[in-house]
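A.B. asks: I would like the atomic coordinates for the input below:
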Amino acid sequence: MEWVMLSCVLCVLICSVNCQDELAIEFFMQRVDNSTYTVTEAMVDSSSLERLNIVCRINNIQNIAGFNNINIYRENKNGNVERLATMQTRYAELPGYQRPALVQSSATMQAVGVYSDKNPTLGISVPVASLTCNDGLLYNCSLAYDQNIGGIPQTKTSMVVRNLTVSVQPKEVQLRAFNQSSSFPLEILNDMGTVSTNMAHFMIGQVVKLTCKANLGTRSNGLIFWRKSNFVPGSAMANYIPNNNEREDGQVVANGCQFEKTSIMYNMTDQDAIRTSNNPLQFQCYISVPVSSALLPETTVKNFYIKVLSTTTETTVKTTTDAPIDKNTSTVNSASGVAEAVAGAAALLLLLNVLLLS
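C.D. replies: Got it, this is the predicted structure:
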């Protein structure tokens, strides 16, 4: 590792101002049929069968007599440099002699390139399905070569650096609901409210807190918006912007190299209680990425359905679960029952007296 760090430092010191033009690092995708296309960034896709190739090549070096070695490195977020692949022309007993070779074996990474004394290429190839946003790092390439200057070979070193952007599209939102009107906020569980056939029930005046936590991927500029069902049945959902005292906007926070978050409060109203059964109170949170036309997955939209009950409705719901009780009938039945009990006792005493006298 010390040799690698020293080598990189020497590359920078020896390299001239224009040496960035001498080499180039290219990013391109390799399809299953081995055809390729150039990319400027990589998109994480766990289902992809393509491979990302990061390749170093000579771009503009005049009068090259031959190269001695070419190496490709990766610098992590802590500034540590790792040599990934090498190719050299001097030592047949060492790895990379006239062919690309990984410095360390890997289950997913492959060394790629073509040996040519005056025009070598060297790089690495990794499956797109194995990429994470942590692979968005700085890659650099160094080349030691001989150049004919006035008929005399002179050894020179050149280096190029390029940053790889690895993007992760927003993947999902998690919507949680809490009854804020109880002594302790109670979370609504068991998927209640997540589908229109299993709505959460609230009373007028109760407060529900809906928290929408979003995985924004690497899109730190991603936003979370809310929609609310229109009071008129059959109308499209409308953007919902609550009053300042009803809304809590969370900050976008980093979770490794990805980002998250937001939330909302809402008070049930009388109008909500008279909605028709086919037009329940519905909230929807969704992710939007400014200046992006990429189609986001369905998991970036979540709905919550609420049946708002009035006080009379709630009473009806409770009483219909029990057997109906008529207070007047209940009183009459109780009185007749007592009378029947007294008459029975009197008849029993009379029978006893008859037996004793006989």
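
A.B. asks: where in this protein is pLDDT low?
C.D. replies: Scanning the chain for pLDDT under 70 picks out the ranges 1-20, 183-184, 243-249, 311-358.

A.B. asks: would you list every one of the helices in it?
C.D. replies: 2-14, 270-273, 311-319, 327-357 (DSSP state H).

A.B. asks: Check which helices and strands the shortest one sits against.
C.D. replies: When you say that, I think you mean helix 270-273. strand 301-309 (3 or more CB pairs under 8 Å, 6 or more residues apart in numbering; DSSP states H and E). From N, CA and C alone the C-beta is placed, and that goes for glycine too.

A.B. asks: Give the buried residues for the strand it packs on.
C.D. replies: 302-309 (16 or more other CB atoms under 10 Å).

A.B. asks: Check stretch 101-115 too.
C.D. replies: Quick answer for stretch 101-115 (16+ other CB under 10 Å): 101-103, 109, 111-113, 115.

A.B. asks: which pair in the residues you listed spans the largest distance?
C.D. replies: Met109 and Tyr115 (19.2 Å; CB to CB).

A.B. asks: Any idea how many residues pack against the residue nearest to Leu210 when sequence neighbours are not counted?
C.D. replies: The shortest distance from Leu210 to any non-neighbouring residue, by CB to CB, 6 or more residues apart in numbering, is to Ile264 (5.0 Å). Ile264: 20 surrounding residues under other CB atoms under 10 Å.

A.B. asks: So Ile264 sits against Lys209, correct?
C.D. replies: Yes. Taking CB atoms under 8 Å as the definition, Ile264 is a contact partner of Lys209 at 7.3 Å.

A.B. asks: joint contacts of the two?
C.D. replies: Taking CB atoms under 8 Å, 6 or more residues apart in numbering as the contact criterion, Ile264 and Lys209 have no common neighbours.

A.B. asks: now the buried residues of stretch 101-115 in CSV, with distance to Ile224?
C.D. replies: CSV is the format used below for these (distance: CB to CB, whole Å):
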residue, distance to Ile224
Ala101, 47
Leu102, 42
Val103, 44
Met109, 36
Ala111, 43
Val112, 41
Gly113, 45
Tyr115, 52
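
A.B. asks: and which of these is nearest to Glu187?
C.D. replies: Met109 (43.9 Å).

A.B. asks: what sits against that closest one?
C.D. replies: Neighbour list for Met109: 84, 102, 124-126 [criterion: CB under 8 Å, 6+ apart].

A.B. asks: one step back: can I get the buried residues of strand 301-309 in a markdown table including distance to Asn163?
C.D. replies: Shown next, in a markdown table, are those (distance: CB to CB, whole Å):
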| residue | distance to Asn163 |
| --- | --- |
| Lys302 | 34 |
| Asn303 | 39 |
| Phe304 | 41 |
| Tyr305 | 45 |
| Ile306 | 47 |
| Lys307 | 52 |
| Val308 | 52 |
| Leu309 | 57 |
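
A.B. asks: out of these, who's nearest Ile149?
C.D. replies: Using CB to CB, the buried residues of strand 301-309 come closest to Ile149 at Lys302, 66.5 Å.

A.B. asks: Cool, thanks, talk later.
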